[in-house]
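Undergrad: Sequence first, predicted coordinates after that:
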Amino acid sequence: MTKVRFVEIFRPVNARRLLITRMLGQGGDGLLQTALATFVLFSPARQADPMKITMVFALLLMPYSLIGPFVGVFIDKWSRRKILVRANLIRVAAMGLIALSVAGHSASGILAVLVLVCLGVNRFALSTLSASLPHVVKRELLVAGNAIFPTMGTAGASLAAATGLGLQHLFGNTDAVNASLILLAGGLTLGASSIASRVSPHNILGPHAETPEVRKEFRNLFVGFVRGGQIILSTPRVLLSVGSVTILRCAFGGITMQTLLLSRQVWNSQSDTSSALRDFGIIAALAAVGSFCGAFTTGALLQKQNKFLSDSAQSQRRLLLRITFVVALSAGILCSAGFYFGTHIWMYLAAFNIGLLSQLVKVNADTAIQQEVDDLHRGRVFAIFDMLINFAIVLGVAVFGVLGSSPTHSALSTFVIGALLGATAWLVLKILRLTPKAD
């Protein structure tokens, strides 16, 4: 993306405030998840096995996926500015209680409930940020904004997580240090609430249109949800795009599980949790760098366009799909090698490649939904899409937890990861064939 166009996206002051709110909020989330992962999965006093890892991911991803479409009704009913302010304040309070539990060495059901509340409210805030974006970014810059804003949020989370890992390395991997990190996360989240409160005028983020009462919205939700599924199935490009992301997320869950098992059971001794955490952190950072490179690529190709279906737009999308297809093939090779050999260098390359591919495929899917689904049903389609992504990650973690728990299963794990990424490449190729050529 050229410098001028980059500046245009952030020229409105409310766009900058929305971005800072996202980065601070996701930064707090990154610190929180780093501290919790260390507390639960990398503590010398707590052994991490595939079943426990699967349960942690299910706890983090599944509950909100099930209630998200219902909670999402309120994003179109309440003031989005107030949601951003108050949701982040609720997260601050929850983080304070989580810090007390961690400082007290309590890995109990109460802690699980507090984590669910905190992460669920965060997902609610992120959905609100996405719904607010069209109100602060021009329509012709929206596709590029969709690539940049979430990626900058992820960058904020990654930077905060890296800072947390550095502080743990400096001060030690203890429950007291993790509790302090969670309090620091609360400070970042409080900053997000403060910046959101400065968005003005108060109603600029919407909703502006008259909306039905919430009770009526709930009654219509089930019908709309079914209709959203029908639209996905009946729209080839959307179906293929959603399918490619879902399959890739399953592979992403697999590589996450493989990295956790290698760092804790193969590369380091069970008692050396600091080294295990360092190895996992490096691979997570490489995946984040790959995602950032993918966002830069999409931002450079999907530039300012007055017409989504112009010849230049179609040429750029076809080029992006060709790049995505090549990256999918290379990801299949590198991830298969990473699973088979299980060495640091192969897993580093695999993590970077799958992070790059994830961003390319996700932006393509978001764009396909935005282009081919009418505004009346677009929210429902995105809700289903979000559910499928999270189910796929948990499924990948669970499947590869079973396959990767024994060294004798490395060949089978290699075959499965290769098959998933091969299927992703095949779907991208089919999407390319459906994308019209420029005249």
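TA: The structure has been received and is ready for your questions. Residues are numbered from 1 along each chain as shown.

Undergrad: which SS class is the most centrally placed residue in the chain?
TA: In the chain, the residue lying closest to the centroid (Cα atoms, centre = their mean) is residue 154, at 7.6 Å. Classification of residue 154 by DSSP: H, G, I helix; E, B strand; the rest coil places it in helix.

Undergrad: quick one: it from residue 50, how far?
TA: Distance, residue 154 to residue 50, using Cβ to Cβ, to the nearest Å: 26 Å. For the C-beta atoms, the positions are set from N, CA and C on the backbone; glycine is no exception.

Undergrad: what's the answer for residue 188, then?
TA: Computed as Cβ to Cβ, the residue 188 to residue 50 distance reads 32 Å.

Undergrad: who has more neighbours, the two?
TA: residue 188 (23 against 19; other Cβ atoms under 10 Å).

Undergrad: tell me the secondary structure for that one?
TA: Three-state call for residue 188 (three-state DSSP): helix.

Undergrad: Please give the number of neighbouring residues around the nearest residue to residue 290 once chain neighbours are set aside.
TA: Spatially, and ignoring its direct neighbours in sequence, residue 290 is nearest to residue 355 (2.8 Å; Cβ to Cβ, 6 or more residues apart in numbering). As a burial measure, residue 355 scores 26 neighbours (other Cβ under 10 Å).

Undergrad: list the contacts for residue 355?
TA: 286, 287, 288, 289, 290, 291, 293, 294 (Cβ atoms under 8 Å, 6 or more residues apart in numbering).

Undergrad: quick one, helices of the chain?
TA: Counting by DSSP state H, the segments of the chain that form helices are 3-9, 13-41, 50-71, 80-103, 109-132, 142-171, 175-196, 214-234, 236-261, 273-301, 311-341, 344-372, 375-403, 410-434.

Undergrad: other SSEs contacting the second one?
TA: Read it as helix 13-41. Under the contact definition 3 or more Cβ pairs under 8 Å, 6 or more residues apart in numbering; DSSP states H and E, helix 13-41 sits against helix 50-71, helix 80-103, helix 109-132, helix 142-171, helix 175-196.

Undergrad: and residue 390, which of the ones you listed is closest to it?
TA: When the helices and strands packed on helix 13-41 are compared by Cβ to Cβ, helix 50-71 sits nearest residue 390, at 4.1 Å.

Undergrad: and that closest one, what's its mean pLDDT?
TA: On average, the pLDDT along helix 50-71 is 71.

Undergrad: Equivalent analysis for stretch 398-417, please.
TA: Stretch 398-417 comes out at a mean pLDDT of 76.

Undergrad: Tell me the buried residues in it?
TA: Using 16 or more other Cβ atoms under 10 Å as the test for burial, stretch 398-417 gives 398, 399, 400, 401, 403, 404, 405, 410, 413, 414, 416, 417.

Undergrad: Quick one: residues contacting the residue nearest to the centre of the chain.
TA: 26, 288, 291, 292.

Undergrad: ditto for residue 188
TA: Neighbours of residue 188 in contact, by Cβ under 8 Å, 6+ apart: 24, 25, 27, 28, 31, 160.

Undergrad: can I get those in a markdown table with pLDDT, distance to residue 348 and neighbour count?
TA: A markdown table is the format used below for these (pLDDT from 0 to 100; distance: Cβ to Cβ, whole Å; neighbours: other Cβ atoms under 10 Å):
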| residue | pLDDT | distance to residue 348 | neighbour count |
| --- | --- | --- | --- |
| 24 | 96 | 29 | 24 |
| 25 | 95 | 29 | 28 |
| 27 | 94 | 24 | 27 |
| 28 | 94 | 28 | 29 |
| 31 | 92 | 24 | 28 |
| 160 | 90 | 22 | 25 |
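
Undergrad: Count the neighbours of the closest residue to residue 36 other than its chain neighbours for me.
TA: For residue 36, ignoring the flanking residues on the chain, the nearest one in space by Cβ to Cβ, 6+ apart is residue 115 at 6.6 Å. By other Cβ under 10 Å, the residues close to residue 115 number 21.

Undergrad: Nearest spatial neighbour of residue 228, chain-adjacent residues omitted?
TA: Leaving aside its sequence neighbours, residue 228 sits nearest to residue 380 (Cβ to Cβ, 6+ apart; 3.2 Å).

Undergrad: Including distance to residue 84, could the contacts of residue 188 go into TSV?
TA: Formatted as TSV, these follow (distance: Cβ to Cβ, whole Å):
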residue	distance to residue 84
24	11
25	8
27	15
28	13
31	19
160	19
